[in-house]
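S.K.: Got a sequence here, can you model it:
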Amino acid sequence: MLPIVVGFVGSKARGSRLRGFVLSSFYVLGVAIVYSSLGAFAALSGRLFGTVASSPWVYLLVGNICIVFGLVMLDAITLPSPAFLSRFQVRRIPGHDIITSILLGGASALVVSACTTPILGVLLTFVAARQNVLWGISMLFVFAYGLGSLVIVTGTFTGLLLSRPRAGSG
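M.R.: This is a model prediction of the structure:
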């Protein structure tokens, strides 16, 4: 997540630590929304979550989805973008940097979940066994902000670091 935050926040913060802090905090909020949604799903589905998550059919489905997206990435299969996405322009919305930050954080949560799968899997199983929705949402929200604390610190100072003079420029 750190290279994504450095690139995004660094380009949008314009040397401001406050702006870097706000954008990186909203980025982590996007991660927290996705993880909290998973916590709510696990708590609502209870034991069904554990059964579904350990089913070989689910492994087969997810594996095939990964293969298809891998083929799309290699341009072996073309997957057109949905038409509504090409018409949707976030820049025209007031506060678009914050919205973009949240969306980027949510997308990153899906990508980075591969790195956090062992911990995330244990937490979701624990939440599913307890079947308390509010507790599950809270637990995964706090987990996301704990995971994202370094991201917030990095994002806060990225804009400032990128605005400093570089060696050789002069």
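S.K.: Just the helices from this structure, written as ranges.
M.R.: In the chain, the segments counted as helices under DSSP state H are 2-13, 17-45, 47-53, 56-73, 83-87, 96-130, 133-163.
S.K.: if you compare those helices, which one is most tucked away?
M.R.: Ranked by mean neighbour count, the helices of the chain are led by helix 17-45 with a mean of 21 (mean count of other Cβ atoms under 10 Å). For glycine as for every other residue, the C-beta is placed from the backbone atoms N, C-alpha and C.
S.K.: which strands and helices sit next to that helix?
M.R.: Under the contact definition 3 or more Cβ pairs under 8 Å, 6 or more residues apart in numbering; DSSP states H and E, helix 17-45 sits against helix 2-13, helix 47-53, helix 96-130, helix 133-163.
S.K.: name the helices or strands packed onto the first one?
M.R.: Contacts defined by 3+ Cβ pairs under 8 Å, 6+ apart place helix 2-13 against helix 17-45, helix 96-130, helix 133-163.
S.K.: the inter-axis angle of the shortest one versus helix 133-163?
M.R.: Angle of helix 17-45 versus helix 133-163, following axes from the mean of the first three to the mean of the last three Cα atoms, to 10 degrees, is 160 degrees.
S.K.: Likewise for the longest one?
M.R.: Using the same axes, to 10 degrees, the direction of helix 96-130 lies 150 degrees away from that of helix 133-163.
S.K.: distance between helix 96-130 and the chain's centre?
M.R.: With Cα atoms, centre = their mean, to the nearest Å as the basis, helix 96-130 stands 6 Å off its chain's centre.
S.K.: can you give me the angle it makes with helix 2-13?
M.R.: Per the same axes, to 10 degrees, the angle that helix 96-130 makes with helix 2-13 is 150 degrees.
S.K.: same check, this time on the first one
M.R.: Between the axis of helix 17-45 and that of helix 2-13 there is an angle of 130 degrees, by the same axes, to 10 degrees.
S.K.: still on that earlier bit, as JSON lines, the helices of the chain with mean pLDDT would be great.
M.R.: Listed next are the helices of the chain as JSON lines, based on pLDDT from 0 to 100:
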{"stretch": "helix 2-13", "mean pLDDT": "77"}
{"stretch": "helix 17-45", "mean pLDDT": "90"}
{"stretch": "helix 47-53", "mean pLDDT": "71"}
{"stretch": "helix 56-73", "mean pLDDT": "85"}
{"stretch": "helix 83-87", "mean pLDDT": "65"}
{"stretch": "helix 96-130", "mean pLDDT": "83"}
{"stretch": "helix 133-163", "mean pLDDT": "85"}
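S.K.: Tell me which of the helices and strands packed on helix 2-13 lies nearest to Pro56.
M.R.: Closest to Pro56 of the helices and strands packed on helix 2-13, according to Cβ to Cβ: helix 96-130, at 16.5 Å.
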